[in-house]
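Here is a sequence together with a model predicted from it:
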Amino acid sequence: MPLRVKVDEDLSEEVAAVFAAAGYVTDTVRSQGWGGLLDDELWVRIQAEGRWLITADKQFGDVRKYRPGRHAGVVLIRADNESRRRYLELASTVVRSLRLEDIPGSLVVVTPGGIRLRD
């Protein structure tokens, strides 16, 4: 069964398309009408679905609150400049470099300088 991911509202539909093209079952926060939810409520809903969260929201990188191994997984995209092109490049780096299904429950931080994993 393909891995399921949810793309946060701070990233474009194009980022969602990158993950979908890589074979992930992809939904977006916006398409479900969840835009504007507080992070805590959004987190509960995403985890209830058993999905990885794809986001640019640094708050989800807080390992004290969102402990690796205790959730489906998080991909945190940290662009040096917040442009659509840069987010697309970094999303593409993730799908070319990793198989999320091989690292369940991990925090993946992708930057222009590389990828870091916390599990």
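Noted; the coordinates are in hand.

so residue 91, which of the three states?
helix (DSSP: H, G, I helix; E, B strand; the rest coil).

Would you mind measuring from it to residue 29?
Using Cβ to Cβ, to the nearest Å, residue 91 is found at 15 Å from residue 29. For glycine as for every other residue, the C-beta is placed from the backbone atoms N, C-alpha and C.

What of residue 49?
Distance from residue 49 to residue 29, by Cβ to Cβ: 11 Å.

Same question for residue 89.
In terms of Cβ to Cβ, residue 89 sits 21 Å off from residue 29.

Check residue 108 too.
In terms of Cβ to Cβ, residue 108 sits 18 Å off from residue 29.

okay, and the common contacts of residue 49 and residue 29?
Shared contacts of residue 49 and residue 29, defined by Cβ atoms under 8 Å, 6 or more residues apart in numbering, comprise residue 6.

out of those two, which sits in the busier spot?
Shown here are residue 49 and residue 29; by other Cβ atoms under 10 Å, residue 29 has more neighbours (23 against 12).

now the residue nearest to the more buried one when sequence neighbours are not counted, what's its secondary structure?
Spatially, and ignoring its direct neighbours in sequence, residue 29 is nearest to residue 9 (4.4 Å; Cβ to Cβ, 6 or more residues apart in numbering). Three-state call for residue 9 (three-state DSSP): coil.

residue contacts, residue 9?
Contacts for residue 9 were tallied using Cβ under 8 Å, 6+ apart; they are 28, 29, 30, 34, 35, 36.

just residue 75 next, same as before
5, 52, 53, 54, 55, 94, 100, 108, 110.

Specify the local secondary structure of it.
strand.

thinking again about what came up before, okay, the contacts of residue 75 in JSON lines with distance to residue 13 and pLDDT next?
Formatted as JSON lines, the contacts of residue 75 follow (distance: Cβ to Cβ, whole Å; pLDDT from 0 to 100):
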{"residue": "5", "distance to residue 13": "13", "pLDDT": "98"}
{"residue": "52", "distance to residue 13": "17", "pLDDT": "98"}
{"residue": "53", "distance to residue 13": "16", "pLDDT": "98"}
{"residue": "54", "distance to residue 13": "12", "pLDDT": "98"}
{"residue": "55", "distance to residue 13": "14", "pLDDT": "98"}
{"residue": "94", "distance to residue 13": "17", "pLDDT": "98"}
{"residue": "100", "distance to residue 13": "19", "pLDDT": "97"}
{"residue": "108", "distance to residue 13": "21", "pLDDT": "98"}
{"residue": "110", "distance to residue 13": "19", "pLDDT": "98"}
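
Thank you, goodbye.
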